[in-house]
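Trainee: A structural model of the following input is requested.
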Amino acid sequence: MNLVVRNSLVIVALVFAGFGHAQGADYTTDSLDVVKQQVQEKKALLVDVRDQAEWDRGHVEGALLVPFRKLQKGMTQADVERVLPKNQIIYTHCAVGARSLGAAGLLKDYGYDVRPLQQGYKDLVKEGFPVSK
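Mentor: The predicted structure follows:
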């Protein structure tokens, strides 16, 4: 099954399972080159919304870990505001794009300029984002 079809099926399943915030955000149209540039210029922050175990196996250098599960189940708006700046674009990413979209919906509700990436961690690595372990 190709990546686009798999991602679409995951998103549809999550929406039908009550993943309401997936409807509140759309994937960014910013290219990965634009994302890299925005992050390098400190105009944007890359936020990894995967779980801690996934992060521990490898993550994009300079990214910030804010697991989607924590956002969903316990991080208040005040908690999020202590971790994420409001003066930067927030690019969310995960493994295949579904959690990125859900996290973006939550962050938009908190007033962030958030742009979820459809590309997952492995895609970012393939496109030259530096890896940290």
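Trainee: going by C-alpha atoms from here, please, whenever you check contacts or count neighbours.
Mentor: OK.
Trainee: can you classify the most centrally placed residue in the chain as helix, strand or coil?
Mentor: In the chain, the C-alpha nearest the mean C-alpha coordinate belongs to Thr92, at 2.0 Å (CA atoms, centre = their mean). Secondary structure of Thr92, reduced to three states by DSSP: H, G, I helix; E, B strand; the rest coil: strand.
Trainee: can you name the residues bridging to it?
Mentor: With beta bridges defined as DSSP bridges, Thr92 has these partners: Val47.
Trainee: can I assume it is in contact with Gly120?
Mentor: No: with contact taken as CA atoms under 8 Å, Thr92 and Gly120 are classed as non-touching, separated by 9.6 Å.
Trainee: before we move on, the earlier item: any idea of the pLDDT on the residue nearest to the centre of the chain?
Mentor: pLDDT recorded at Thr92 is 98.
Trainee: can you check Gln118 too?
Mentor: In the prediction, the pLDDT value recorded for Gln118 is 96.
Trainee: and it, what is it in contact with?
Mentor: Under the criterion of CA atoms under 8 Å, 6 or more residues apart in numbering, the contact partners of Gln118 comprise Tyr27, Thr28, His93, Val96, Gly97, Ala98, Ser100, Leu101.
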